[in-house]
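**Student:** what's the 3D shape of this:
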Amino acid sequence: GPRMFVADIQEIRVSPIVSKKGTLHFLEPQTNGWVKRFVVVRRPYVYIYNTDKDTVERAILNLSAAQVEYSEDQQAMLKTPNTFAVCTEHRGILLQACNDKEMQDWLYAFNPLLAGSIRSKLSRRRSSQMRI
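**Tutor:** Here you go, the predicted model:
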């Protein structure tokens with residue numbers, strides 16, 4: 001008989017809740033300079049705009065298909081504090097927050113589990129420094 005083709009439609013429910021929005025700096029691979037972008041996180045998506053007045057999404061990242069990476073060694077090596085990377089199968093994107101607290105908040109919005117493990121590591125280190 002005739003073969004039936006069933007479209008494989010994956011329904012991804014976009015959270016109506018905005019986990020975080022604000023500005024982040026993106027490393028431009030072409031120029032190796034930092035550009036400021038307005039970012040809105042509604043899991044599992046990250047919407048990237050040129051400014052907060054921008055009505056068009058310039059890029060969309062799907063966090064469920066991306067790896068969020070945070071490395072203190074890399075920050076020290078690149079001399080780029082408050083940075084973390086989002087790696088998709090096509091590219092890696094380096095993001096920079098304006099300070100440490102903002103970076104923790106962004107990490108939490110992008111990947112709560114990773115942020116939690118980093119936070120506990122940092123707090124352990126702070127307590128061990130106090131004992132000296």
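**Student:** rest of the way, CA atoms for contacts and neighbours
**Tutor:** Noted.
**Student:** For the one helix or strand in the chain whose mean pLDDT sits lowest, C-alpha coordinates in CSV please.
**Tutor:** Least confident element among the helices and strands of the chain, by mean pLDDT, DSSP states H and E: helix 112-131 (a mean of 78). Taking C-alpha atoms only, helix 112-131 is exported to CSV below (Å, rounded to 0.1, in the frame of the first residue of the first chain):
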residue,chain,number,x,y,z
PRO,A,112,21.2,26.4,36.4
LEU,A,113,23.0,23.1,37.1
LEU,A,114,26.4,24.4,36.0
ALA,A,115,25.9,27.6,37.8
GLY,A,116,25.0,25.8,41.0
SER,A,117,28.2,23.6,40.9
ILE,A,118,30.3,26.7,40.2
ARG,A,119,28.7,28.6,43.0
SER,A,120,29.4,25.9,45.5
LYS,A,121,33.0,25.6,44.3
LEU,A,122,33.5,29.3,44.7
SER,A,123,31.9,29.5,48.1
ARG,A,124,34.1,26.5,49.3
ARG,A,125,37.2,28.4,48.1
ARG,A,126,36.2,31.6,49.8
SER,A,127,35.7,29.8,53.1
SER,A,128,39.0,28.1,52.8
GLN,A,129,40.7,31.4,52.1
MET,A,130,39.2,32.8,55.2
ARG,A,131,40.7,30.1,57.4
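**Student:** Could you list the buried residues of it?
**Tutor:** For helix 112-131, the neighbour count (16 or more other CA atoms under 10 Å) marks 115, 118 as buried.
**Student:** do the same with stretch 41-58
**Tutor:** For stretch 41-58, by 16+ other CA under 10 Å, it's 41, 42, 43, 44, 45, 46, 47, 48, 49, 50.
**Student:** Would you work out how far apart the start and end of it are?
**Tutor:** By CA to CA, to the nearest Å, the extent of stretch 41-58 from end to end equals 14 Å.
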